[in-house]
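**Q** predicted model follows, preceded by the sequence.
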Amino acid sequence: MAQAVRFGRRRELARQEAEDRRQLMEGMQETRDQLNFAYAQFNTYTDPDLVDACVYQINALQSRYSYFVRQIKQLEAAAREGAV
């Protein structure tokens with residue numbers, strides 16, 4: 001009986017980790033798309049104020065992208081530790 005409970009708990013944890021990873025990957029893809037759009041705007045704008053706005057937006061999006069990368073690495077490291 002105790003083994004069945006532990007197996008069920010492990011399976012639920014694995015399911016939750018997979019869902020967390022999916023959400024992080026989705027956020028990362030969305031951020032990558034926004035970055036591509038921001039770079040395209042940067043390359044087309046000539047007004048200095050709009051160029052500055054693009055630079056700030058690109059920096060913010062790069063920070064968000066780095067966040068997603070860190071979170072995914074942490075999730076994968078935790079999964080490896082749990083598998084050992």
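**A** Cool, got the structure.

**Q** can you tell me the centre-most residue of this structure?
**A** F68 (2.8 Å; CA atoms, centre = their mean).

**Q** which pLDDT value belongs to the spatially closest residue to it that is not a sequence neighbour?
**A** Nearest residue to F68 in three dimensions, chain neighbours excluded: M28, at 4.0 Å (CB to CB, 6 or more residues apart in numbering). In this view, the C-beta of every residue, glycine as well, is placed from N, C-alpha and C. pLDDT for M28: 96.

**Q** would you check how far apart M28 and S66 are?
**A** 10 Å (CB to CB, to the nearest Å).

**Q** equivalent analysis for M25, please.
**A** Taken as CB to CB, the span from M25 to S66 is 15 Å.

**Q** coming back round to it: you'd agree the residue nearest to the centre of the chain is up against G27?
**A** Yes. F68 lies in contact with G27 (CB atoms under 8 Å); the separation is 5.4 Å.

**Q** and Q57, what does it touch?
**A** With contacts defined as CB atoms under 8 Å, 6 or more residues apart in numbering, Q57 is in contact with A38.

**Q** what helix or strand is it on?
**A** Assigned by DSSP states H and E, Q57 falls within helix 48-83.
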